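A.B. asks: next come a sequence and a model predicted from it.
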Amino acid sequence: MSCDQLCYYSLFKPEEGIRMITLPEKLSSMTPYEPGEDIYQIKLDANESYFSLPEELRDAIAAGIDTIDFNRYPDPAVTDVRRLAGREYRIAPDNIVVGNGSDELISLIMNTFAPRGGKVMVLSPDFSMYQFYAEVAELEVVNMLKDGEFALTEQEVIDRAKAEKPDILIFSNPCNPGGQGFDHGEAVRICMALEDTLVVVDEAYMDFWDQSILDVSTALENVLVMKTLSKAYGCAAMRCGFIIAYKDLIDQLNKTRSPYNINSMTQLAACIVLEDTSWQKEQCAAIVARKNELEQACTELAQKYDVFNVLPTHTNFVVLRTPKCSDIYEELKKRSISIRCFPKYEMLRITTGSAEENAVLLEELTDICSSMQ
């Protein structure tokens, strides 16, 4: 890297005679991701499940910790987790890579499949970490902007990707934060039309919809499907995600994956969670029911006060569009309710809580809207 591509930083005062170190210029324009750390009575900002794990699973995990040999490295192949995840998703274990959350997997994809200086295409707005990890890998990022309803047609995506010729196209389906999605047929047609592009379909929220492309994921040679235990399984603390793909793509990922990337406690907990997931199906149905109730109540508020519009979603969160998004966001914070605000898109994203939490939110939101008329 030439000197004009670098910026210089000093850890000590130059006059003290300490030599300066050289850091990549890309760091000067990057800001770290800062998740909210404030404490609120009602937390609806991170798309987490309002359920924790059932008590019997928590007890099993606690008991299982006593069986771990802490002086030994974890299973590098994550064998048991892949076996149980394969059973859950009806996929052969050899078609699965396990990651330390989706974040590690996104970074792995960018560093494995894009050449130096390559190109990544994202559909904006979408999960911000796609662009973040692409920039860390020093890849060019092409943003395709969605319409006012946070939607694109399959043909629009295909046409833009064919024109841009990215090495990687990555998008969440259904989308975070917009809540919309491509149905099964649309997503498959995008993948098949872009046979020279690696298409990454992040299905973190697909447990709340029924349009997954897992059934074709291992047959298409240019497709990676991502899944997670963080959302519908209520295991965000565990940090466990999956890539499911054609065997050769999995083999390439395993060349660059860290050998002990999933610690023994996560492997233990994930196996217990995946051993019997009937509880998860019940919780997921309840989450969808609460989201639908919240969405309907917000629609009625919108009709009554004309402060925001409600966009229907296929996820566990509700999307409100309003130029007053920042005002509403700040007012809810004062009332110890945290939601997510996207001022650039005049949007509020509200994760569904329990029935009791949603009731409090709606009471406060009603009061705020009435004062804004």
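C.D. replies: In hand now; what should we look at?
A.B. asks: thought A232 was touching K281?
C.D. replies: No - here A232 does not reach K281: they are 9.1 Å apart, not a contact under Cβ atoms under 8 Å. In this view, the C-beta of every residue, glycine as well, is placed from N, C-alpha and C.
A.B. asks: more neighbours, those two?
C.D. replies: Regarding A232 and K281, a neighbour count based on other Cβ atoms under 10 Å identifies A232 as having more, with 24 against 11.
A.B. asks: count of residues packed around the closest residue to the more buried one other than its chain neighbours?
C.D. replies: Excluding the flanking residues, the one nearest A232 by Cβ to Cβ, 6 or more residues apart in numbering is D207, at 3.4 Å. A total of 22 residues lie near D207 under the criterion other Cβ under 10 Å.
A.B. asks: what does S326 give?
C.D. replies: Using other Cβ under 10 Å: S326 sits among 14 other residues.
A.B. asks: same thing with F308?
C.D. replies: Other residues near F308 come to 23 when the count uses other Cβ under 10 Å.
A.B. asks: so where's the protein shaky on pLDDT?
C.D. replies: Applying pLDDT under 70 to the chain picks out residues 1-19, 33-37.
A.B. asks: now the helix ranked longest in it, how far from the chain's geometric center?
C.D. replies: Scanning the chain for the longest helix, with DSSP state H as the assignment, gives helix 278-305. With Cα atoms, centre = their mean, to the nearest Å as the basis, helix 278-305 stands 20 Å off its chain's centre.
A.B. asks: list the buried ones in the helix or strand following it?
C.D. replies: Taking DSSP states H and E as the definition, the helix or strand that follows helix 278-305 towards the C-terminus is strand 309-311. Applying a neighbour-count criterion of 16 or more other Cβ atoms under 10 Å, the buried positions in strand 309-311 are 310-311.
A.B. asks: residues contacting strand 309-311, please?
C.D. replies: When contacts are taken as Cβ atoms under 8 Å, 6 or more residues apart in numbering, the neighbours of strand 309-311 outside the stretch itself are 149-150, 178-180, 295, 298-299, 302, 318-322.
A.B. asks: need the residues you listed in JSON lines (columns: secondary structure and neighbour count).
C.D. replies: As requested, the contacts of strand 309-311 are exported to JSON lines (DSSP: H, G, I helix; E, B strand; the rest coil; neighbours: other Cβ atoms under 10 Å):
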{"residue": "E149", "secondary structure": "coil", "neighbour count": "13"}
{"residue": "F150", "secondary structure": "coil", "neighbour count": "22"}
{"residue": "G178", "secondary structure": "coil", "neighbour count": "25"}
{"residue": "G179", "secondary structure": "coil", "neighbour count": "24"}
{"residue": "Q180", "secondary structure": "coil", "neighbour count": "19"}
{"residue": "E295", "secondary structure": "helix", "neighbour count": "20"}
{"residue": "C298", "secondary structure": "helix", "neighbour count": "23"}
{"residue": "T299", "secondary structure": "helix", "neighbour count": "15"}
{"residue": "A302", "secondary structure": "helix", "neighbour count": "17"}
{"residue": "V318", "secondary structure": "strand", "neighbour count": "27"}
{"residue": "V319", "secondary structure": "strand", "neighbour count": "27"}
{"residue": "L320", "secondary structure": "strand", "neighbour count": "25"}
{"residue": "R321", "secondary structure": "strand", "neighbour count": "18"}
{"residue": "T322", "secondary structure": "coil", "neighbour count": "19"}
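A.B. asks: residue boundaries of the strands in the stretch 101-250 of the chain?
C.D. replies: Along the stretch 101-250 of the chain, counting by DSSP state E, counting those that start in this stretch, strands occupy 119-124, 140-145, 168-172, 198-202, 223-228, 241-245.
A.B. asks: tell me what the fourth one is packed against?
C.D. replies: Meaning strand 198-202. Strand 198-202 sits against helix 101-113, strand 168-172, helix 184-193, strand 223-228, with contacts defined as 3 or more Cβ pairs under 8 Å, 6 or more residues apart in numbering; DSSP states H and E.
A.B. asks: export those to a markdown table and tack on mean neighbour count?
C.D. replies: Supplementary listing: the helices and strands packed on strand 198-202 in a markdown table, determined by neighbours: other Cβ atoms under 10 Å:
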| stretch | mean neighbour count |
| --- | --- |
| helix 101-113 | 20 |
| strand 168-172 | 24 |
| helix 184-193 | 18 |
| strand 223-228 | 26 |
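A.B. asks: in CSV: these, plus distance to V122.
C.D. replies: What follows is those, written out as CSV (distance: least, Cβ to Cβ, whole Å):
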stretch, distance to V122
helix 101-113, 11
strand 168-172, 6
helix 184-193, 14
strand 223-228, 14
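A.B. asks: now do the contacts for the residue nearest to A232.
C.D. replies: Taking Cβ under 8 Å, 6+ apart as the definition of contact, the neighbours of D207 are 231-233, 284.
A.B. asks: what do you get if the cut-off is 7 Å, keeping everything else the same?
C.D. replies: The contact partners of D207, by Cβ atoms under 7 Å, 6 or more residues apart in numbering, come to 231-232, 284.
A.B. asks: and if you look at Q131?
C.D. replies: For Q131, the contact set (Cβ under 7 Å, 6+ apart) comprises 122, 141.
A.B. asks: so who does I42 touch?
C.D. replies: I42 touches 336-337, 353, 357, 360-361, counting by Cβ under 7 Å, 6+ apart.
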